[in-house]
Structure formats: C-alpha cells, structure tokens
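Asks: I'd like to go over a predicted model; first the sequence, then the structure.
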Amino acid sequence: MNICSKFAHFVLPPVCQLCGAEGLGPDICAGCFRDLPRVRRACALCARPLMKVPAGVAAGWPEGTPVCGRCLTQPPPWNAALAPLRYGFPVARMLRQLKYEGRLLRARLLGELLGHWARSRQGSIEVLLPVPLHPRRWRERGFNQARELAAAAARVLRLEMVDDLCLRLRDTPPLWDLRAGQRRAVLKDAFKASEGVRGRRIALVDDVLTTGATAGAITQTLLRAGAARVEVWTIARAGLSQTGSKM
C-alpha cells in the first residue's frame, strides 16, 4: 500500500457496500463476507454445486477431484470452471445493479473476491479474457460488466487482462429460455478469436454461469484458434431454472 492509499485508508476507513459497516477491505465487512452464499463443493468442470463427491474421475484430473456425473459422460469444451458463489441474495441483486444501473463499485468488490478465490487456479492461467460485448450493446450500456470484473480480478492476481483476443460479431439475444439446439444456432459464428490466443492459457471471465452455451461457444472459438487451455471463471453459478447471464 503506497502512502496515498494509507492516508486515504486512515481518513476514509473501508465501508461495506452491503450494510455500511466498517469493512474488512475496501468494500465488505466480516459479517457480510461470512453470509455470502458460498458454494462449498462444486464440479471442477461445470461448477455446479454438489451435495457429495461423485464416483469417477474425469480425464486429466487427479483422484478425488469432484466431477459431476453429467460432466463425466458429456464434459464441457473448457478445461475447468470456477464459480465460488450461488446466484442468490445478495449476489444476484449486486450483479443486476452492476449490469443495469452502472454501479461499477459492485464490479470492484465482486471482481476482487473472484480474484482471491481464484488464487488456487493462478498457476494454470496466464491471461484473463472478459466475455466480449457487442459494440452496439457496449455503446448503449457504456461499459462491459465482464471487463470490469476481469480487471479487478486481474489486479488481485497480478495477471494480464486482455479484451481484444476475442470479438463478438453478432449481438445475440438472451439464451436461458432457448433449447440446446436453438442456442447452438444463435451462437454459430458469433465470435472470432485473434491470432494472439495461440498457445495462451486463458481464463474466460463473466458475471454468472448459467447454461454454459456462450462460454462453450467462445471456448471452442479460442481452442480452434490455438489456445492451450481455457477455464471459465464467474463470480456466481445459477441453476438452469434461474436467469442472470448470457453465459
């Protein structure tokens, strides 16, 4: 912490974004941090919460790694997934405030939390890539919430965040209420990767992982372009009955 940061910390003590109490860090207090809807055990491939460790080991994973039955038989195209929180209160509200109200401080808090929880993955990744937003949508919103989250996480991890490795060519509609075949049709040729992905180990960052359709389409695009590894990192995991993100 430099001298300016120390002075600001003394004059303006950390305040929790959720309750207004004195914070542990810049944005959250001990009580609110403890009450976050953490996912205690999740599938290493799709980040779905698990009640117990299933039998079987996915290819390339050590014995004892939790992998759900669905991923054992139909693994996703990416190498691993991380979603430390459930898409519930207060996380869902914070993400809506970020995405639709432009409250960018929410991205700082959630992105930094994601970065801290991703430390165990740090050795397998060299660059963070936010899920790209179509230029028209970016002009309307004024920012890309995935980029804001990725930037905050990258600062914590001291990793590079690059947002030009993949472009969204088409402004696709929400996917959560579409069938699998419809999702694939909507996402066909929707993304284009640059030559800069070749040989890179990439964490694809977004707010919520829901169906995995968008993450899968981007992952396949990156792998075809020569990426060495792709992981999917989101702050929250939603069930198929919940809505929240394009991922």
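Replies: Nice, I can see it. What you see is a predicted model, and the numbers here were worked out from it, not measured in a lab.

Asks: what are the ranges of the strands in this structure?
Replies: Counting by DSSP state E, the chain has strands at residues 80-82, 85-86, 127-130, 160-161, 166-168, 191-193, 201-209, 229-237.

Asks: adding mean pLDDT, write those strands out as JSON lines.
Replies: Formatted as JSON lines, those follow (pLDDT from 0 to 100):
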{"stretch": "strand 80-82", "mean pLDDT": "97"}
{"stretch": "strand 85-86", "mean pLDDT": "96"}
{"stretch": "strand 127-130", "mean pLDDT": "98"}
{"stretch": "strand 160-161", "mean pLDDT": "96"}
{"stretch": "strand 166-168", "mean pLDDT": "95"}
{"stretch": "strand 191-193", "mean pLDDT": "96"}
{"stretch": "strand 201-209", "mean pLDDT": "97"}
{"stretch": "strand 229-237", "mean pLDDT": "97"}
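
Asks: can you redo those strands as TSV with mean neighbour count and distance to Leu50?
Replies: Glycine gets a C-beta too; all of them are placed from N, C-alpha and C. Shown next, in TSV, are the strands of the chain (neighbours: other Cβ atoms under 10 Å; distance: least, Cβ to Cβ, whole Å):
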stretch	mean neighbour count	distance to Leu50
strand 80-82	23	13
strand 85-86	21	12
strand 127-130	25	26
strand 160-161	16	30
strand 166-168	20	30
strand 191-193	18	30
strand 201-209	27	15
strand 229-237	26	11
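
Asks: adding distance to Ala107, write those strands out as JSON lines.
Replies: Listed next are the strands of the chain as JSON lines, based on distance: least, Cβ to Cβ, whole Å:
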{"stretch": "strand 80-82", "distance to Ala107": "17"}
{"stretch": "strand 85-86", "distance to Ala107": "14"}
{"stretch": "strand 127-130", "distance to Ala107": "11"}
{"stretch": "strand 160-161", "distance to Ala107": "12"}
{"stretch": "strand 166-168", "distance to Ala107": "19"}
{"stretch": "strand 191-193", "distance to Ala107": "22"}
{"stretch": "strand 201-209", "distance to Ala107": "9"}
{"stretch": "strand 229-237", "distance to Ala107": "9"}
